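Student: Sequence first, predicted coordinates after that:
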Amino acid sequence: ADIKFRTITKNLSVDGYSIMDCSEMSPEDFEECFTLTDKDVESGTIYVLRSKSSRPEIAAIKDLYKIGFTVTSVESRIANAKNEPTYLCADVEVVATWKVYNVKSSTFEALIHKLFAPVQLQVTVDGHRPQEWFIIPFKVIEEAINAIISGKSIEYNSQFKQIIYL
């Protein structure tokens, strides 16, 4: 049964999920399971950016953040921000970053974007509609990312601007 359990675990983690029976683990074993080792693979970096746009319609928006994922460095990813509609054709400021391990990058990013879809910025810049900008307090973004990394089931309540734990 253990080999079947490990196979299921491996297959689920390929899609960004994992499963583990912790009911009979000692506290030391539990801690060891969640400590980074040489076997863990860095998937990339989740980043949160703030726009430095001087456009009045952008600059006036309180709590406007871009949430993205990169497998390269954040600095190289944003190097040409002022020329890219994805970054609202403006320089950006890095607010926070998180290293992510053993997770399929596209799954993590899709999950966070789906979570905050109700508060996605609706704007067109140079004929493009940037998809990764959200109007939401940073503390809520931080809480959501940490919850997802920890494997907690959550949803976002846009009316109350808070994370709900399921």
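Tutor: That came through, no problem. Numbers count the residues shown, from 1 in each chain.

Student: Could you use CA atoms for every contact and neighbour count after this?
Tutor: OK.

Student: Helix or strand: which one has the residue lying closest to Glu143 once chain neighbours are set aside?
Tutor: Once flanking residues are discounted, Glu143 sits nearest to Ile163: 7.4 Å by CA to CA, 6 or more residues apart in numbering. Ile163 belongs to strand 162-165 when assigned by DSSP states H and E.

Student: try Glu57
Tutor: Glu57 belongs to helix 56-59, assigned by DSSP H and E.

Student: mind checking pLDDT for the residue nearest to Glu143?
Tutor: pLDDT for Ile163: 95.

Student: Same question for Tyr87.
Tutor: You'll see Tyr87 listed with a pLDDT of 96.

Student: unless I'm mixing things up, it is touching Ala81, no?
Tutor: Yes. Between Tyr87 and Ala81 there is a contact under CA atoms under 8 Å: 5.4 Å.

Student: Who has more neighbours out of these two?
Tutor: More neighbours surround Tyr87 than the other of Tyr87 and Ala81, with 24 against 17 (other CA atoms under 10 Å).
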